[in-house]
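Peer 1: Turn this into a structure:
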Amino acid sequence: MRKQRGISLVEIMVAITLGLLLMLGLGTVFVSVSQTSKLRQNMSGVQDNERTAIAFLNNSIRSAGYFPNPTPSLVFVTSAAEFPASGLWLPGQSILGTGAGTAGTDTLSVRFIASTSGTASQGCSASLTAGDLYTDVFSVAGGYLTCTETDNTAGSTTTVNLVPNLAGMNISYGIDPACTGSVSEYLPASTFPAAAWAGSCTQGEQLKTVSIALQFNNPLAGQPSQPATVTINQTIPYMIGL
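Peer 2: Residues are numbered from 1 along each chain as shown. This next block holds a predicted model:
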C-alpha cells in the first residue's frame, strides 16, 4: 500500500504564483473598468455643463432688449427711452461685448427690463423686481461661467457662479451693416462698429446674431491625442426689431 504524500513546496509556490497572476489580471480589469466609468461620468458632466451654459446664454441673449408691452411700430423709439445711454451703452442698446474673440477672456453684457409676469428665463439670480432695469455681465472667472447682475433701478449687484469647469469664452457678433436682412460677417467686440450696437434697420437691428465658443476643461486631457480643452460653439439669434 502506497503512503499518502503531501503537497510539495514547489507546488505551493506555483499555485500561489498562479493565484497572484489571476488576482493581478482581475485587478487590472477592475481598475480599467473603474477608470473608464469615471471618464464617462466626467464627459457626461461636461456635456451637462455645456447644455446648462448654452441655456443661460441663449435665454439672456434672446431676452436682451426686452421691455413690457412694446408698441411694434415704435419699438426702436421706445427701446431708446427704456434703455438710456449709460457709460459705454448707447440709447436703445441692449447687448455689449468686450474682447478680441480669440483669447478666451471675452465678456458679454445684456440689458433688459424685468417682466411683470415674472418670466423664469430672465436674469441670473433667483428673483427679479418687475419693471426694474437690469444689466447682466457674463464672463469666465475662476473656472466658472459667472454672471454679475446689476439692478440698475435699485442700485444693487450680485455675482453668481453658473457653470463650472470652464477655461474660457470667445464671442463674435453677426452684423448686417447694409440692412439686407442677413448677416454679412462676424466680428469680435474689439472691431465691432460702436454705432452698430444700437443701429437699426427696417428688418430689425444691425446686430443679428451672437456666436459663442465655450472652452471646457477636457477630462481626457493627458491621454494621447487629447487636447487640454474641448470647445462647444453656438450661434444665437438676436433680433428685437421687426
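
Peer 1: surely Pro91 meets Ala198?
Peer 2: Yes: checked against CB atoms under 8 Å, the pair Pro91 and Ala198 is within contact range at 6.6 Å. Where you see a C-beta, it was placed from the backbone N, CA and C, and this is true even at glycine.

Peer 1: Now for Ala100: which residues touch it?
Peer 2: 106, 188-191 (CB atoms under 8 Å, 6 or more residues apart in numbering).

Peer 1: Could you measure from it over to Ser190?
Peer 2: The gap separating Ala100 from Ser190 is 5 Å, by CB to CB, to the nearest Å.

Peer 1: Which of Pro91 and Ala198 has more residues huddled nearby?
Peer 2: Neighbours were counted for Pro91 and for Ala198 using other CB atoms under 10 Å; Ala198 has more, 23 against 14.

Peer 1: Tell me the spacing between that one and Asn170.
Peer 2: Distance, Ala198 to Asn170, using CB to CB: 23 Å.

Peer 1: Please identify the helix or strand for the residue minimising distance to the centre of the chain.
Peer 2: Closest residue to the average C-alpha location of the chain: Ala53 at 3.4 Å, with CA atoms, centre = their mean. Using DSSP states H and E, the element containing Ala53 is helix 9-63.

Peer 1: which element follows the helix or strand bottoming out on mean pLDDT in the chain toward the C-terminus?
Peer 2: One helix or strand of the chain scores below all others by mean pLDDT, DSSP states H and E: helix 75-82, with a mean of 66. The helix or strand immediately downstream of helix 75-82 is strand 95-98, counting by DSSP H and E.

Peer 1: Thr158 touches Ser127, doesn't it?
Peer 2: No: judged on CB under 8 Å, Thr158 makes no contact with Ser127 at a distance of 10.7 Å.

Peer 1: Between those two, point out the one with more neighbours.
Peer 2: Taking other CB under 10 Å, Thr158 and Ser127 do not tie; Thr158 has more neighbours (12 against 8).

Peer 1: Identify the bridge partners of the more buried one.
Peer 2: As for beta bridges, Thr158 partners with Glu149 under DSSP bridges.

Peer 1: Can you give me the pLDDT of it?
Peer 2: With respect to pLDDT, Thr158 scores 93.

Peer 1: now it: how far from Ala126?
Peer 2: Separation of Thr158 from Ala126 (CB to CB) stands at 9 Å.

Peer 1: Ok, Phe192 next?
Peer 2: Relative to Ala126, and taking CB to CB, Phe192 is found at 32 Å.

Peer 1: Name the residue in those two with the higher neighbour count.
Peer 2: Counted by other CB under 10 Å, Phe192 and Ala126 do not tie: Phe192 has more neighbours, with 19 against 7.

Peer 1: is it true that that one touches Ile171?
Peer 2: No: the criterion here is CB under 8 Å, and Phe192 misses it with Ile171 at 10.1 Å.

Peer 1: quick one: common contacting residues for those two?
Peer 2: Residues touching both Phe192 and Ile171 (CB under 8 Å, 6+ apart): Gly97.

Peer 1: What residues sit buried inside stretch 124-140?
Peer 2: 124, 128, 133-140 (16 or more other CB atoms under 10 Å).
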